[in-house]
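Visitor: after the sequence you'll find the predicted model.
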Amino acid sequence: MKTYPLESISLKQAKEFQFKMVDAITKTFSGKESLSRGDLGVVPGLNKPKTTWKAEQAIARFFDAEAAMLVRGSGTGAIRYALFATTKPNGKLLVHSAPIYSTTETSIRMLGLVPIMADFNDPEMIKQVMQENPDIEAALIQYTRQVPEDHYDIKEVIETIKAQKEIPIVTDDNYAVMKVSKIGSECGADLSCFSTFKLQGPEGIGCIVGKKKYIDALIKEHYSGGSQTQGWEAMEVLRGLVSAPVALAIQAEVNEELLQRIQELPQVKDAFLANAQSKVLIVEFHEPIAQKVLERAEKLGALPNPVGAESKYEIAPMFYRVSGTFIKSDPSRKDSMIRINPNRSGADTIVSILKQALESEEACS
């Protein structure tokens, strides 16, 4: 199968990201503040902990953005808030003509938006759809692939949309941040959204990065004390953003090594890298043995499911079914394919688990 995975940054670039994040922190926090867990509550004048406000400044500085905001609800919450800031009920939202990520689809329904589909792989189709729907109010672009055949360049899609009409563009940068050289807002989008839990951060905290006018409007709506990201959570977000780039770059190197080694196994029909949604190794078997392999791999130490997709809890490699959007496009993939995410493990561990799972009587029966 031909796939078009996103190009991962190198280990050298990842170190530069780490250093840039630390530099942004030193330009925002004093040394004593960096060693603290931060404050709590709603500080007068800020309506949020001062530590959270400073963390948002450091994040905006790292991404060369006008502003940043930490929200509850992880990546889903960030996308929902961003769509709320850029659209109105019954408004038309331009989206890619592929299965929409399930939680994003829920957000679109909750906000009463009307999705208008265009194939983002075809710039001419984007132009045509926008000409046929001149009342489109905003666009949502998922950075990673929604189906294996996706190959669009997010910067080109953003530029194509903006050339037709100046509308706000929200990007879903989950599974891409700290793995690619530039996120959506750095490619011209108005707001980028992602989960910090996927970046070694705390549970439930999402991040929005981009245009100040939209984030300021959200801050006014986001005023209740219980909605605020507390100081200790904000500090955990920053610590995660410091450690994530190098860890993810090593993971990308392991994926490249695995690609060749796993293709040599006789039970394997094909193996390829794909963003589904994380950049993972997809393994296709000659026989419909995927479910048995997954059951056996768990007994051999592999994680049977994601926690937050590369969260701080996911250390061992994950052997899991291919993503729901992949299965939607071809239901047979559920029995013939699995995805492997190295997480923090090396290639030898993964190859050993897969070989044992394939050689077991359960998988071969």
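Guide: All right, it came through fine. Residues are numbered from 1 along each chain as shown.

Visitor: longest single helix anywhere in the chain?
Guide: helix 231-263 (DSSP state H).

Visitor: quick one: residue 187 and residue 158 touch, right?
Guide: Yes: with contact defined as CB atoms under 8 Å, residue 187 counts as touching residue 158 (5.5 Å). C-betas here are computed from N, CA, C, even on glycine.

Visitor: now for the two: what residues contact both?
Guide: residue 171 (CB atoms under 8 Å, 6 or more residues apart in numbering).

Visitor: that older thread, so which elements touch the longest helix of the chain?
Guide: Secondary-structure packing of helix 231-263 (3 or more CB pairs under 8 Å, 6 or more residues apart in numbering; DSSP states H and E): helix 11-26, helix 50-62, strand 67-72, strand 205-210, strand 268-275, strand 279-285, helix 347-359.

Visitor: quick one: average pLDDT of it?
Guide: Averaged across helix 231-263, the pLDDT comes to 96.

Visitor: which positions within it qualify as buried?
Guide: 231-249, 251-255, 257-259, 262 (16 or more other CB atoms under 10 Å).

Visitor: domain assignment for this protein?
Guide: 11-244, 248-364 (automatic domain parsing).

Visitor: tell me the secondary structure at the residue nearest the centre of the chain.
Guide: For the chain, the residue nearest the mean C-alpha position is residue 174 (1.5 Å; CA atoms, centre = their mean). For residue 174, the assignment made with DSSP: H, G, I helix; E, B strand; the rest coil gives coil.

Visitor: circling back to that earlier point, which of the helices and strands packed on helix 231-263 sits closest to residue 331?
Guide: Each of those has some distance to residue 331 by CB to CB; the shortest is strand 279-285, at 14.4 Å.

Visitor: in the stretch 151-300 of the chain, where is pLDDT below threshold?
Guide: Low-confidence segments of the stretch 151-300 of the chain (pLDDT under 70): 276-277.

Visitor: specify the local secondary structure of residue 192.
Guide: Strictly by three-state DSSP, residue 192 counts as strand.

Visitor: what sits against it?
Guide: 63, 65, 170-171, 173, 177, 183-186, 208-210.

Visitor: of these - the most surrounded one?
Guide: Per-residue neighbour counts (other CB atoms under 10 Å) across the contacts of residue 192 peak at residue 173, which has 33 neighbours.

Visitor: in this model residue 154 seems to touch that one, though I could be wrong.
Guide: No: shown here, residue 173 and residue 154 do not form a contact pair, counting by CB under 8 Å, at 9.1 Å.

Visitor: list residues touching both of these two?
Guide: Between them, residue 173 and residue 154 share the contacting residues 143, 184, judged by CB under 8 Å, 6+ apart.

Visitor: tell me the phi and psi of the nearest residue to residue 123 once chain neighbours are set aside?
Guide: Leaving aside its sequence neighbours, residue 123 sits nearest to residue 160 (CB to CB, 6 or more residues apart in numbering; 4.7 Å). Backbone torsions for residue 160, taken as degrees, to the nearest 10, come to phi -60, psi -40.

Visitor: in contact with residue 160, which residues are there?
Guide: With CB under 8 Å, 6+ apart, residue 160 has these contacts: 123, 126-127.

Visitor: closest to residue 217 among those residues?
Guide: Closest to residue 217, out of all of the contacts of residue 160 and judged by CB to CB, is residue 126, at 26.9 Å.

Visitor: can I assume that closest one sits in a helix?
Guide: Yes: the assignment for residue 126 (three-state DSSP) places it in a helix.

Visitor: does it touch residue 159 like I think?
Guide: No: in this structure, residue 126 is not within contact of residue 159 by CB under 8 Å, at 10.3 Å.

Visitor: more neighbours: which of the two?
Guide: residue 126 (23 against 13).

Visitor: need the pLDDT of the more buried one.
Guide: 98.

Visitor: what residues of stretch 298-306 count as buried?
Guide: Quick answer for stretch 298-306 (16+ other CB under 10 Å): 298, 300, 302-303, 306.

Visitor: circling back to that earlier point, I'd like the domains of the chain laid out as a markdown table, including distance to residue 4.
Guide: Converted to a markdown table, the domains of the chain look like this (distance: least, CB to CB, whole Å):
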| stretch | distance to residue 4 |
| --- | --- |
| domain 11-244 | 4 |
| domain 248-364 | 8 |
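
Visitor: OK, contacts around residue 67?
Guide: 56, 60, 209-212, 215-216.

Visitor: who does it bridge with?
Guide: With DSSP bridges as the criterion, residue 67 is bridged to residue 210.

Visitor: from residue 81, how far out is it?
Guide: 13 Å (CB to CB, to the nearest Å).

Visitor: then residue 310?
Guide: 22 Å.

Visitor: the more surrounded of these two?
Guide: Between residue 310 and residue 81, counted using other CB under 10 Å, residue 310 has the larger neighbour count: 28 against 25.

Visitor: ok, that one touching residue 343?
Guide: Yes: under the criterion of CB under 8 Å, residue 310 makes contact with residue 343 at 6.5 Å.

Visitor: pLDDT wise, what is the closest residue to residue 234 other than its chain neighbours at?
Guide: Closest residue to residue 234 apart from its sequence neighbours, by CB to CB, 6+ apart: residue 55 at 3.7 Å. Listed pLDDT for residue 55 reads 98.
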